[in-house]
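Trainee: I would like to see how this sequence folds:
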Amino acid sequence: MALPVRKAVFPVGGLGTRFLPATKAVPKEMLPVVDKPLIQYAVEEARAAGIEEFIFVTGHGKTALEDHFDRHWELETTLNQRGKRHELGLLEATQQPAGAVVYTRQPEPLGLGHAVRCAAKLVGAEPFAVLLADDLVLAETPCLKQMVEVHAETGGNVVAVMDVPREHTARYGVLDVVSDDGRLAKAQGLVEKPKPEDAPSTLSIIGRYVLQPEVMTELAQVREGAGGEIQLTDALAATLDRVDFYGLRFEGVRFDCGDKAGYLEANIAFALARDDLRDKAKEILARYGAAADAAG
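Mentor: Numbering: from 1, shown residues only. Model (predicted):
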């Protein structure tokens, strides 16, 4: 039986240059989708999957993120005095038990693999999850919970995957598949950002991982890979000779919130999924759609 997954790593040290100037002073992970920052969606997804320890790998200028998950006594006192129970409940959703949240620094942006490696001592010798807040998943059952349930049965490394157009494989880590039942694929290899003509498949990894501690051992030895960065996929590939590797086609819709169009789409989709905003969102979309049609 696989060991339970209790810890999650959130690499949040990136600069967010694609969203400048909005991210000049605000961490990209704090950009809101409707009324909740991206990083809070990721934390809530992890908590729903049974995660007990939340490890943030931060960088320069990320104090707003740390403050978001801290207590705000003055605000809480004011809301209490005004009888704002609903708003108090929203604040409580940002808080974790004492000692459950840990921050460590990534001294320089050397890639996802390097960011995960910075959490090695905090993770220790047990399986752990990695969640990238840029990848937002709208699902009835949270994506990481689906993965943890699969991991409990299969063990090994489990990543969330989706089929992408072949011309997009150069944006992803891509699996070399040995067996596939339509939901769960077992891989014999993986390639980071292959050219479309070189891609072993179109089954591509998104920002959700359940990993064995052997990955940390390999990350300690991995050198620069694609893009001159330390790639997490290179460390995963190095464990294939002794750790099973699976890709789960998760149920749900993934939004790339590191891309402006994807971020816009996420705001629309999450608004339409909410009872308190659905009708208004439909009205707004219809109005602007009609205006766009009229403008030709």
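
Trainee: From here on, just use CA atoms for contacts and neighbour counts.
Mentor: Will do.

Trainee: buried sites along the strand or helix carrying Leu79?
Mentor: Per DSSP states H and E, Leu79 falls inside helix 73-81. Going by neighbour count (16 or more other Cα atoms under 10 Å), the buried part of helix 73-81 is Glu76.

Trainee: Also stretch 177-190?
Mentor: Within stretch 177-190, the residues that qualify as buried are 177, 184-190, counting by 16+ other Cα under 10 Å.

Trainee: For it, what is the distance to the chain centroid?
Mentor: 22 Å (Cα atoms, centre = their mean, to the nearest Å).

Trainee: how about that stretch as PDB, C-alpha atoms only?
Mentor: Extracted C-alpha coordinates of stretch 177-190, given in PDB (Å, rounded to 0.1, in the frame of the first residue of the first chain):
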ATOM      1  CA  VAL A 177       3.400   5.800 -23.100                       C
ATOM      2  CA  VAL A 178       3.700   2.000 -22.800                       C
ATOM      3  CA  SER A 179       0.000   1.300 -21.900                       C
ATOM      4  CA  ASP A 180      -3.100   3.300 -21.700                       C
ATOM      5  CA  ASP A 181      -6.700   2.400 -20.700                       C
ATOM      6  CA  GLY A 182      -8.100   5.800 -21.700                       C
ATOM      7  CA  ARG A 183      -8.000   7.200 -18.200                       C
ATOM      8  CA  LEU A 184      -4.600   6.100 -16.700                       C
ATOM      9  CA  ALA A 185      -1.500   5.800 -18.900                       C
ATOM     10  CA  LYS A 186       1.700   4.200 -17.800                       C
ATOM     11  CA  ALA A 187       4.900   5.800 -19.200                       C
ATOM     12  CA  GLN A 188       8.300   4.400 -20.000                       C
ATOM     13  CA  GLY A 189       9.800   7.800 -20.600                       C
ATOM     14  CA  LEU A 190       9.100  11.500 -20.900                       C
END
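
Trainee: Make 835 the starting number, not 1.
Mentor: Will do, 835 is the new start, and the previous item becomes stretch 1011-1024.

Trainee: Need the residues that contact that stretch.
Mentor: 1007-1010, 1034-1035, 1067, 1071, 1074, 1078-1084 (Cα atoms under 8 Å, 6 or more residues apart in numbering).

Trainee: follow-up on the earlier one: any idea which of the buried residues of stretch 1011-1024 is closest to Thr912?
Mentor: Taking Cα to Cα as the measure, Thr912 lies nearest Leu1018 of those, at 49.8 Å.

Trainee: so how far is Glu1085 from the closest one?
Mentor: 12 Å (Cα to Cα, to the nearest Å).

Trainee: just Gly958 next, same as before
Mentor: To Glu1085, Gly958 is 30 Å away according to Cα to Cα.

Trainee: These two: who's more crowded?
Mentor: Set Gly958 next to Glu1085 and count neighbours by other Cα atoms under 10 Å: Glu1085 wins out with 17 against 12.

Trainee: Run through the residues that contact the more buried one.
Mentor: 973-975, 977.

Trainee: same thing but at 6 Å, please
Mentor: Contact partners of Glu1085, counting by Cα atoms under 6 Å, 6 or more residues apart in numbering, are absent.

Trainee: For Lys862, see how far away it is.
Mentor: Distance from Glu1085 to Lys862, by Cα to Cα: 26 Å.

Trainee: now swap in Ala1125 and tell me
Mentor: For Ala1125, the distance to Lys862 (Cα to Cα) stands at 31 Å.

Trainee: Between the two, which is the more surrounded one?
Mentor: Per other Cα under 10 Å, whichever of Ala1125 and Lys862 has more neighbours is Lys862, with 28 against 11.

Trainee: from what I can see the more buried one touches Leu849, true?
Mentor: No. Counting by Cα atoms under 6 Å, Lys862 does not reach Leu849; the two are 7.4 Å apart.

Trainee: overlap in contacts of the two?
Mentor: Counting by Cα under 6 Å, 6+ apart, no residue touches both Lys862 and Leu849.
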